[in-house]
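1. How does the following fold in three dimensions:
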Amino acid sequence: MANHLCLDPHDPYAQAEVLVVFEGTLPEIRLLSAIDQEGDDILPDLVEQQRRDLIQEIAAFLDPDSYGARAAA
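-> Okay, here's the model as predicted:
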């Protein structure tokens, strides 16, 4: 398992972060939890697009040459 700080999908101002715990390697990343600033796991509350956004953010961090270009496009 690994973890990464990502933007909190529930924060409309993109100022808060969540600690995302995941397993797997690119391109097969599986999210396990997303812990917000209050210590709550918000992963079950996220819609599919928000989950994909977290995976994309992790992918861009792990492999900026391949995935970072997609995020910028």
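
2. list the buried ones in stretch 6-22?
-> By 16 or more other Cβ atoms under 10 Å, the buried positions in stretch 6-22 come out as Cys6, Asp8, Pro9, Glu17, Val18, Leu19, Val20, Val21, Phe22. In short, each C-beta sits where N, CA and C put it, glycine included.

3. so what's the last one up against?
-> It refers to Phe22. Residues in contact with Phe22, defined by Cβ atoms under 8 Å, 6 or more residues apart in numbering, are Met1, Ala2, Asn3, His4, Ile29, Arg30, Leu31, Leu32, Ile55, Ile58.

4. Who does it form a beta bridge with?
-> Beta-bridge pairing for Phe22 (DSSP bridges): Ala2, Leu31.

5. Surely Phe61 touches Asn3?
-> No: with contacts counted by Cβ atoms under 8 Å, Phe61 stays clear of Asn3, the gap being 11.2 Å.

6. need the buried residues of stretch 6-22 in JSON lines with distance to Gln37 and pLDDT, can you?
-> Shown next, in JSON lines, are these (distance: Cβ to Cβ, whole Å; pLDDT from 0 to 100):
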{"residue": "Cys6", "distance to Gln37": "13", "pLDDT": "96"}
{"residue": "Asp8", "distance to Gln37": "8", "pLDDT": "96"}
{"residue": "Pro9", "distance to Gln37": "13", "pLDDT": "95"}
{"residue": "Glu17", "distance to Gln37": "8", "pLDDT": "97"}
{"residue": "Val18", "distance to Gln37": "8", "pLDDT": "98"}
{"residue": "Leu19", "distance to Gln37": "9", "pLDDT": "97"}
{"residue": "Val20", "distance to Gln37": "13", "pLDDT": "98"}
{"residue": "Val21", "distance to Gln37": "15", "pLDDT": "97"}
{"residue": "Phe22", "distance to Gln37": "19", "pLDDT": "97"}
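
7. All set now, cheers.
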